[in-house]
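# give the three-dimensional model of this entry:
(one chain, ligands or ions: 1)
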Amino acid sequence: MLHRLEEQSPDALLALIKMHAADDRPDKVDLGVGVYRTGQGDTPVFRSIKAAEQQLVDEQDSKSYLGPEGDMGFVNALMPYIFGEDATMGGRIAGMQTPGGTGAVRLALALAQKAGLKKLHMGTPSWPNHAQIINDIALDLETFDHANPDGTANVEAALSAIRGAGPDEAILLHGCCHNPSGIDYTAEDWEKLGDAIAETGIFPVIDTAYHGLGNGLDEDVTGLRSVLAKVPEAFIAYSCDKNFGMYRDRVGAFYILADGGETLDKAFTNANALARASWSMPPDHGAAAVRLILRDSKLTAMWTDELDQMRERMRQVRAALADAGTAGSVDLTPLGRQNGLFSTLPVSKDQVKELREKHGIYMAGSGRINIAGLTTNNIDKFVDALADVTGSA
Ligand code: LMR
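A predicted model of the protein is given here:
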């Protein structure tokens with residue numbers, strides 16, 4: 001049978017990790033895959049995670065199965081951070097643990113499809129794996145422009161997709177720190193989006209993978225909360241891989257908002273069955289560590305402090321890029337207003353290649369850069385290289 005398969009190219013983002021590792025230039029710069037780096041270029045394990053892991057080693061007395069929903073202590077402990085004080089919105093939200101944010105997105109779309117979803121609307125560019133998942137489950141996709149050329153969000157395009165949607169259609173939105181553009185909707189935009197979603201009945205799926213890395217833990221979920229307050233049903237895909245630095249441990253959660261307890265229970269049992277058929281149970285270790293952090297006020301303070309430092313460092317890099325003004329034909333000033341790990345530069349695939357081959361600067365072919373890959377040691381080199389390959393304005 002296997003000869004019938006067509007060769008697939010490796011995931012372009014993940015391939016960059018290997019290309020960068022194989023480059024022996026000492027001043028190479030990795031702006032590829034989305035992992036946070038310190039000013040020294042490292043991606044250390046959080047101190048709060050180390051402390052929680054130590055506690056797990058000392059105290060965990062069994063590794064027996066938990067079930068398809070995973071660690072519910074973890075799922076519930078996260079909820080106030082995402083949904084606010086009334087964390088279940090009066091018993092209308094239920095969640096389960098997933099293998100990373102990808103598992104949550106996959107589960108959300110598969111469950112929506114099982115419930116009769118016909119078409120998904122999504123702003124582009126988006127995280128490339130969104131399209132891969134949508135394609136893999138053979139969901140009909142219609143795209144709209146996420147951003148304007150001036151580096152602001154194109155809310156009109158999203159509104160017109162929402163208003164033009166038929167029954168059994170959904171829209172996938174990035175909760176914060178848009179990947180790959182860094183361009184988020186304003187609070188006012190979110191209000192408009194929520195109103196339009198509520199009016200038309202399109203089903204919102206909100207992917208929140210960078211909570212706390214934009215403007216703050218509360219600030220980054222203002223938009224999500226304003227939509228949820230207006231709609232009867234929604235799905236939320238959540239990742240702890242970035243905001244707890246748990247990347248390879250795959251720590252995510254999937255939440256369902258329903259208009260009543262009975263529907264919520266039904267949806268939850270379906271999510272549970274899909275998870276069982278997909279991965280049976282999510283990996284426990286990372287979620288257990290996050291649960292310990294969120295249940296202990298000292299560890300929570302340590303974690304929020306680490307998150308604050310990450311966010312502040314990225315804001316400093318963004319400010320430095322914006323201060324540089326232009327590099328060749330690229331206007332860097334909008335990057336100062338954008339959020340999170342990523343921004344996308346208006347560079348061609350050839351220019352991306354030249355940055356890599358001539359200057360040892362690795363970034364996605366789309367022009368996306370990982371802001372956290374820049375430090376005081378390499379930011380000037382990056383700006384000069386960008387000027388070199390893009391020429392004068
Ligand atoms: C990224 O966009 O770089 C991250 O979300 C990592 C990934 O899985 O693609």
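# just give me the longest helix of the chain.
The helix spanning the most residues in the chain, taking DSSP state H as the definition, is helix 297-324.
# that helix: how far from the chain's middle?
In this view, helix 297-324 has its centroid 17 Å away from the chain centroid, taken as C-alpha atoms, centre = their mean, to the nearest Å.
# where are the low-confidence patches of this protein?
Scanning the chain for pLDDT under 70 picks out the ranges 392-393.
# nearest residue to the closest residue to the ligand within it other than its sequence neighbours?
Taking C-beta to the nearest ligand atom as the measure, the chain has G34 as its residue closest to the ligand, at 3.0 Å. The way it works is simple: take the backbone N, C-alpha and C, and place the C-beta from them, glycine included. Excluding its sequence neighbours, the residue lying closest to G34 (C-beta to C-beta, 6 or more residues apart in numbering) is L341, at 5.0 Å.
# burial of the one you found, as a residue count?
The tally of other residues near L341 (other C-beta atoms under 10 Å) stands at 26.
# same question, A22
Burial of A22, expressed as a neighbour count using other C-beta under 10 Å, amounts to 7.
# which residues sit in contact with M89?
Taking C-beta atoms under 8 Å, 6 or more residues apart in numbering, we find M89 in contact with 83, 228, 257.
# and of those residues, the nearest to R248?
Checking these against R248 by C-beta to C-beta gives F83 as the nearest, at 27.4 Å.
# now do the contacts for M281.
With C-beta under 8 Å, 6+ apart, M281 has these contacts: 65-68, 70, 275.
# ok so A289 is a helix residue?
Yes - membership of A289 in a helix is supported by DSSP: H, G, I helix; E, B strand; the rest coil.
# pretty sure it contacts E53?
Yes - counting by C-beta atoms under 8 Å, a contact exists between A289 and E53, whose distance comes to 5.4 Å.
# so these two - more neighbours on which side?
A side-by-side neighbour count of A289 and E53, using other C-beta under 10 Å, places A289 first with 29 against 19.
# surely M122 is within a helix?
No - the assignment for M122, made by three-state DSSP, is strand rather than a helix.
# in three-state terms, label the residue nearest to it when sequence neighbours are not counted for me.
Spatially, and ignoring its direct neighbours in sequence, M122 is nearest to L172 (4.5 Å; C-beta to C-beta, 6+ apart). Here L172 is strand, with the state taken from three-state DSSP.
# how many neighbours does L172 have?
25.
# so what's it up against?
The neighbours of L172, taking C-beta under 8 Å, 6+ apart as the test, are 120-122, 126, 130, 205-207.
# rerun at 10 Å
Taking C-beta atoms under 10 Å, 6 or more residues apart in numbering as the contact definition, L172 lies against 105, 108-109, 112, 120-123, 126-127, 130, 133-134, 141, 203-207, 235, 237.
# ok, L224 next?
Taking C-beta under 10 Å, 6+ apart, we find L224 in contact with 82-84, 173-176, 190, 194, 204, 206-208, 211, 234, 236, 238.
# among the contacts of M89, name the ones in strands.
Among the contacts of M89, the residues falling in strands (DSSP state E) are L257.
# okay, the contacts of M89 in TSV with neighbour count and distance to the ligand next?
Supplementary listing: the contacts of M89 in TSV, determined by neighbours: other C-beta atoms under 10 Å; distance: C-beta to the nearest ligand atom, whole Å:
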residue	neighbour count	distance to the ligand
F83	22	23
L228	23	23
L257	23	24
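# which of the contacts of M89 lies closest to V155?
Ranked by distance to V155 (C-beta to C-beta), these are led by L228 at 18.2 Å.
# pull the contacting residues for that closest one.
The neighbourhood of L228, defined by C-beta under 10 Å, 6+ apart, consists of 82-84, 89, 92-93, 194, 204, 206, 221, 234, 236, 255, 257.
# returning to that earlier point: in three-state terms, label the residue of the chain closest to the ligand for me.
Under three-state DSSP, the three-state class of G34 is coil.
# repeat for the one 4 residues further on
The assignment at T38 comes out as coil when based on three-state DSSP.
# can you get me a residue count around the closest residue to it other than its chain neighbours?
Distances taken as C-beta to C-beta, 6+ apart place P44 nearest to T38, at 6.7 Å, with adjacent residues excluded. When counting by other C-beta under 10 Å, one arrives at 13 neighbours for P44.
# ok, R4 next?
R4 is flanked by 5 other residues according to other C-beta under 10 Å.
# list the helices and strands the helix or strand that contains M96 packs on?
Secondary-structure assignment from DSSP states H and E places M96 in strand 93-99. When contacts are defined as 3 or more C-beta pairs under 10 Å, 6 or more residues apart in numbering; DSSP states H and E, strand 93-99 sits against helix 72-83, helix 100-114, strand 234-239, strand 251-257, helix 261-278, helix 285-294.
# which of these sits most buried?
Most buried of the helices and strands packed on strand 93-99 by mean neighbour count (mean count of other C-beta atoms under 10 Å) is strand 251-257; its value is a mean of 27.
# give the pairing partners of that one; include direction for each.
Each strand that strand 251-257 pairs with, and the sense of that pairing, follows from DSSP bridges: strand 93-99 (antiparallel), strand 234-239 (antiparallel).
# and the longest one with the ligand, contact?
No - applying C-beta under 6 Å from any ligand atom, one finds that strand 93-99 is not in contact with the ligand, the shortest distance being 11.9 Å.
# the longest helix of the chain: which residues count as buried?
Of the residues in helix 297-324, those with enough neighbours to count as buried (16 or more other C-beta atoms under 10 Å) are 299-300, 302-304, 306-307, 310-311, 313-314, 317-318, 320-322, 324.
# list the contacts of stretch 298-312.
Stretch 298-312 is contacted from outside by 36-39, 44, 46-52, 55, 77, 81, 177, 210-217, 220, 242-245, 289-290, 292-294, 296, 339-341, 372, using C-beta under 10 Å, 6+ apart.
# now do 8 Å
Contacts for stretch 298-312 (C-beta under 8 Å, 6+ apart): 36, 46-49, 51-52, 212-217, 243-244, 292-294, 372.
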